[in-house]
Every structure is written in structure tokens, then in C-alpha cells.
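Visitor: Here is a sequence together with a model predicted from it:
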Amino acid sequence: MPSPIRALQGIRVLSLALNLPGPAALMRCRRMGAHCVKLEPPGGDPMAHYNQPAYAQMHEGVQVVVADLKTDAGQKLLHRELARIDVLLTSFRPSALDKLGLGWKHLHALYPVLSQVAIVGAPGERAEEPGHDLTYLADNGLVPGLDLPATLYADMSGSLMASEAVLQAALVRNERYAGSGENHPQGVFIEVALSAAAAYLALPRQWGLTQREGSVGGAHAGYSIYPCKDGRVAVAALEPHFAAALCKAAGVELSDQRAMRQPATRAAIGAFLQTQTRAQLGQLALTADIPLHCME
């Protein structure tokens, strides 16, 4: 993965977040130049136990320190770190943060310059509700059928929103956001809800783009998945010139673009693709400039 602009160079981030969204956000912060420290409980991060490669990649370059925050020693270590960082990243329910003495009002009173990015399942009053990636996707209409989603969309998009929030907090620290001119700008609290991340991903569906009648939901014959001779092919010939190139290769007469929504056009394109191997289609994509990708 190419290195991004190091927009967080000089920013110190402390994370208490476990599992996926928080560590993934921390990984992006580190890649943007932040100095990242993570406090883990004595039992470690669950991700380290059920997927060590994922844990290793997300924590590359991160300083990991073991601390039991339920003990005096752990609290002392935590507050030593809080006194010298810029952004705290958490993924606890609000009630759990309060029990640890990390509710925003209390935290802000102790460290007024510190910002906090709090990852929660759902926003506001719903932050105490139990949930997970799958339930947030289901709540936003992103789980059609009985198959599990191909990846953890809410968790990963939530991690992007969390790293974006760290950037916002860094702007406050550097006095470029508020333009206040203060020598010590006040820290900010930013809540990132995984359900809101799922809702953002669901916008194209709400707009009708990915509904069955939408152009990228199956209504357009040039934007679909077809079987080929030895596998599958994802075809994304949506624009008129791509659709024309696809129809020309398939020997389909295209009178106008409305024909791309006709069942006969889909059937003809599908029949052609079933005669082609993945290798043949890969070559066709290059020679005829057709956006497609072959799969097993």
C-alpha cells in the first residue's frame, strides 16, 4: 500500500480500542505519521488470538503497552500517557468509559487540550445498545439473502471515519480549523458510530442506484456478473462507449442505450460470455477497452 501524505506527523495518539475498528483506525493514523501508543489489557487484544496476521499488520509500528485499567497501577500508567498525548481513541460504551474515569466531561476537565475520538456502535442514546458489524449492515438494508457480507463493511468504514476524526482533532490542535489564534486550543470530542458508517455506505441503495431497478443494481446489462466458460466475469461497461464496445464484441446490435436495459440484450451478452474463457476475456478487456474482471 502506498504511503499517504504524513498529515499527522507530530500528533500523538493513544488508543484503548480493541478488535477491529479502533486498531484499523490506529493503523491509518500511524501511516499518516502519527506517533501511536496502545494500552492493552493483560489478556491482550482478542484479535491477536483469533487472527494473528491481522493483528500484526494493524499494529506494525505501534507501541503496545500492557495495562490493567481497573487497577491503581494501570490508572497511573494511563494518566501518565494522557498527560502527553493529543488524541485519545476509544471503543467502549459510554457507561464503561465513565467507570474508567474517561467520560468526556471529566477527561476534558483534567486535560483541556486533549481530544477524544470515541467509536461506538450507534450514536447518541443508542450507544449502549449491543450490536456488531452484521447487525448495523442489516439495519441499513445491506444484507440481502442469507449469505454473509464479503467483508466487515461497517467496521472498516467506521475505522476510516475514526481516522478522519483524528485528522479533525489534529486540525484543532494546530489552530487551522477554528482559526482562534489561541496558544492552547481546546480539545474536542468526536463520536464515530459504526451504524452511521453503515448508513453512509447504504446511501447508494437509498438513492436507488443499487436497487434491482437501478443502473448498478442489475437493470443495466453492461453492469453485472455473468458466468463464463471457466468461471465468472464482473462486467462494468456502464458508460455508453464501454457498453457499445461490449455489445460489439458480443455481436449484439445496440440501437440506443435504452437497449442495455432489455432482457434480450442481457441474454445475448450472457450467451457470448459463456463461450469465452477467463483468459480470452482478459485479453478482450485489453484490446477492446472494456472494464471487466474475471473470477474463478
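Guide: Looks like it came in fine. This one's a predicted model, so the numbers in the text were calculated from it and none came from an experiment. Numbering: from 1, shown residues only.
Visitor: for the helix or strand encompassing F242, packing partners?
Guide: Element membership of F242 [criterion: DSSP states H and E] is helix 240-250. Secondary-structure packing of helix 240-250 (3 or more C-beta pairs under 8 Å, 6 or more residues apart in numbering; DSSP states H and E): helix 263-273, helix 278-288. Yep, even glycine has a C-beta here, placed from its N, CA and C like the rest.
Visitor: Could you give the average pLDDT over that helix?
Guide: The predicted model assigns helix 240-250 a mean pLDDT of 96.
Visitor: What of stretch 36-53?
Guide: 96.
Visitor: Specify the angle between the helix holding F242 and helix 263-273 in degrees.
Guide: Going by axes from the mean of the first three to the mean of the last three C-alpha atoms, to 10 degrees, helix 240-250 is angled at 60 degrees with respect to helix 263-273.
Visitor: circling back to that earlier point, using JSON lines, lay out the helices and strands packed on helix 240-250 together with mean neighbour count, mean pLDDT and distance to S15.
Guide: As requested, the helices and strands packed on helix 240-250 are exported to JSON lines (neighbours: other C-beta atoms under 10 Å; pLDDT from 0 to 100; distance: least, C-beta to C-beta, whole Å):
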{"stretch": "helix 263-273", "mean neighbour count": "17", "mean pLDDT": "97", "distance to S15": "47"}
{"stretch": "helix 278-288", "mean neighbour count": "15", "mean pLDDT": "97", "distance to S15": "42"}
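Visitor: R30: which of these is closest?
Guide: Proximity to R30 (C-beta to C-beta) singles out helix 278-288 among the helices and strands packed on helix 240-250, at 36.5 Å.
Visitor: Just the CA atoms of the next helix or strand after that closest one, as PDB, please.
Guide: Next helix or strand after helix 278-288 toward the C-terminus (DSSP H and E): strand 292-295. Below are the C-alpha coordinates for strand 292-295, written out as PDB (Å, rounded to 0.1, in the frame of the first residue of the first chain):
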ATOM      1  CA  LEU A 292     -14.200  -6.300 -16.700                       C
ATOM      2  CA  HIS A 293     -12.600  -8.600 -14.200                       C
ATOM      3  CA  CYS A 294     -12.600 -12.400 -14.300                       C
ATOM      4  CA  MET A 295     -13.000 -14.600 -11.200                       C
END
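Visitor: List the buried residues for strand 292-295?
Guide: Within strand 292-295, the residues scored as buried using 16 or more other C-beta atoms under 10 Å are 292, 294.
Visitor: so what's Q75 up against?
Guide: With contacts defined as C-beta atoms under 8 Å, 6 or more residues apart in numbering, Q75 is in contact with 69, 101.
Visitor: if we can go back for a sec, to E128, which of the helices and strands packed on helix 240-250 lies closest?
Guide: Taking the helices and strands packed on helix 240-250 one by one with C-beta to C-beta, helix 263-273 is closest: 47.7 Å.
Visitor: elements contacting that closest one?
Guide: For helix 263-273, the packing partners by 3+ C-beta pairs under 8 Å, 6+ apart come out as strand 223-228, strand 231-236, helix 240-250.
Visitor: One more pass at 6 Å, please.
Guide: strand 223-228 (3 or more C-beta pairs under 6 Å, 6 or more residues apart in numbering; DSSP states H and E).
Visitor: then the strand it packs on to CSV, C-alphas only?
Guide: Below are the C-alpha coordinates for strand 223-228, written out as CSV (Å, rounded to 0.1, in the frame of the first residue of the first chain):
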residue,chain,number,x,y,z
TYR,A,223,-23.1,-3.8,-15.3
SER,A,224,-23.5,-7.3,-13.9
ILE,A,225,-21.8,-10.6,-13.0
TYR,A,226,-22.0,-13.3,-15.6
PRO,A,227,-20.8,-16.9,-15.8
CYS,A,228,-18.1,-17.5,-18.4
